[in-house]
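[1] For reference, the sequence and a predicted model appear below.
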Amino acid sequence: MKFAIIGEFDSSFKPHQVTNDAIRHSLHSMNRSVDWNWISTEEVLSDKEGILNSYSGFWIAPGSPYKRMEGALDVIRHCRMNNVPLLGTCGGYQHIVIEYARNVLFIEDAEHAEYDPYASNLVVNKLVCSLAGKALDIKVDKESRTYRIYNRIRIKEEYYCNFGLNPEYQEKLHQAGLKTVGSDDDNESRIVELSNHRFFVGTLFVPQLLSTQEQPHCLITEFLRQVINSTI
């Protein structure tokens, strides 16, 4: 039983450090053991079928731009279409919306401003104000899976990003099934999910920043529970 974290691991990058810690916190609380590997986006493209068939779940990590965007998008598409548990945080969230825009809304040139700031369809663009280092309130849709995990309609989470979903595309994505189920006080998307999927959640914030041994993060724990259950 194992899952993969997709991204270029950097031991000096705080969101990567705390990702490993948060996984240990949740597994300890569940009294379960699951192996995980960090896999670069370049490696995905060099052995895509082998990687996609070797893991029971995937976490798309913070830390964009990735070396190869296509590697992250291929993993996201695989999880979306095959009911494989997927969690995307920060950069992971951003690539979830890019993949959905391209392959479900058929906006073939949907782009991320970090890769091409002058693209005609910037589905992910630079935020007016950076959220890096900020802890902000989020409203959670009471009808969502995310609400059932948190069991709260208002949460507070920490960010590490400068890019987010372009509000011009938010309703289009929502109507097409990638629902915004968490938003800030300006109603801008902060959490997306697929409601008819085993587990497919993206957060613009970095939940692992708040995880502790005493209080593992509920979203990460639920992701790992679904990874475990998917192999039973």
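    That came through fine.
[2] burial count for N187?
    When neighbours are counted by other C-beta atoms under 10 Å, N187 registers 11. All C-beta spots, glycine's among them, are computed from the backbone N, C-alpha and C.
[3] and it, what pLDDT?
    On the pLDDT scale, N187 is placed at 95.
[4] The one 3 residues further on too?
    R190 is assigned 97 on the pLDDT scale.
[5] Roughly how far does it sit from K2?
    29 Å (C-beta to C-beta, to the nearest Å).
[6] residues in contact with the helix ranked longest in the chain?
    In terms of residue count, the longest helix belonging to the chain (DSSP state H) is helix 14-30. Contact with helix 14-30 is made by 5, 7, 9-11, 33-34, 36, 59, 61-63, 89-90, 160, 206-209, 211-213, 216-217, 220-221, 224-225, 228, as judged by C-beta atoms under 8 Å, 6 or more residues apart in numbering.
[7] Filter those down to the buried ones and hand me the ChimeraX line.
    To isolate the buried ones among those in ChimeraX, judged by 16 or more other C-beta atoms under 10 Å, type:
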select :5,7,9,34,36,59,61,62,63,89,90,160,206,207,208,209,211,216,217,220,221,224,225,228
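[8] Sort out for me which of the contacts of helix 14-30 are in helices.
    Among the contacts of helix 14-30, the members found in helices (DSSP H) are 220-221, 224-225, 228.
[9] Could you pull up phi and psi at V181?
    Geometry field for V181 lists phi and psi as phi -110, psi 0, criterion degrees, to the nearest 10.
[10] need the contact list for the residue nearest to it when sequence neighbours are not counted.
    Closest residue in space to V181, ignoring its immediate chain neighbours: S144 at 3.6 Å, by C-beta to C-beta, 6 or more residues apart in numbering. Applying C-beta under 8 Å, 6+ apart to S144 gives the contacts 179, 181-182, 191, 193, 195.
[11] Spatially, which two of these are the most separated?
    Using C-beta to C-beta, the two most remote members of the contacts of S144 are G182 and S195, lying 13.3 Å apart.
[12] Local confidence estimate at the spatially most central residue of the chain?
    The residue lying closest to the centre of the chain (C-alpha atoms, centre = their mean) is G88, at 1.1 Å. Per-residue confidence (pLDDT) for G88: 98.
[13] Tell me the bridge partners for it.
    Beta bridges link G88 to I60, G202 when assigned by DSSP bridges.
[14] Was I right to think it contacts V201?
    Yes: the criterion here is C-beta atoms under 8 Å, and G88 meets it with V201 at 7.4 Å.
[15] which residues touch the residue nearest to the centre of the chain?
    The contact partners of G88, by C-beta under 8 Å, 6+ apart, come to 59-60, 76, 94-96, 201-203.
[16] ok, it to V140 distance?
    Counting by C-beta to C-beta - G88 and V140 are separated by 17 Å.
[17] in the protein, which segments are predicted with low confidence?
    231-232 (pLDDT under 70).
[18] Now do the strands in it.
    2-6, 35-39, 58-60, 86-89, 110-112, 121-126, 135-140, 154-158, 163-165, 179-183, 189-193, 200-203 (DSSP state E).
[19] could you redo these as TSV and give each row distance to S46?
    TSV is the format used below for the strands of the chain (distance: least, C-beta to C-beta, whole Å):
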stretch	distance to S46
strand 2-6	13
strand 35-39	10
strand 58-60	17
strand 86-89	21
strand 110-112	22
strand 121-126	25
strand 135-140	37
strand 154-158	34
strand 163-165	27
strand 179-183	34
strand 189-193	29
strand 200-203	25
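[20] closest to K172 out of those?
    Among the strands of the chain, if distance is taken as C-beta to C-beta, the winner is strand 121-126, at 9.3 Å.
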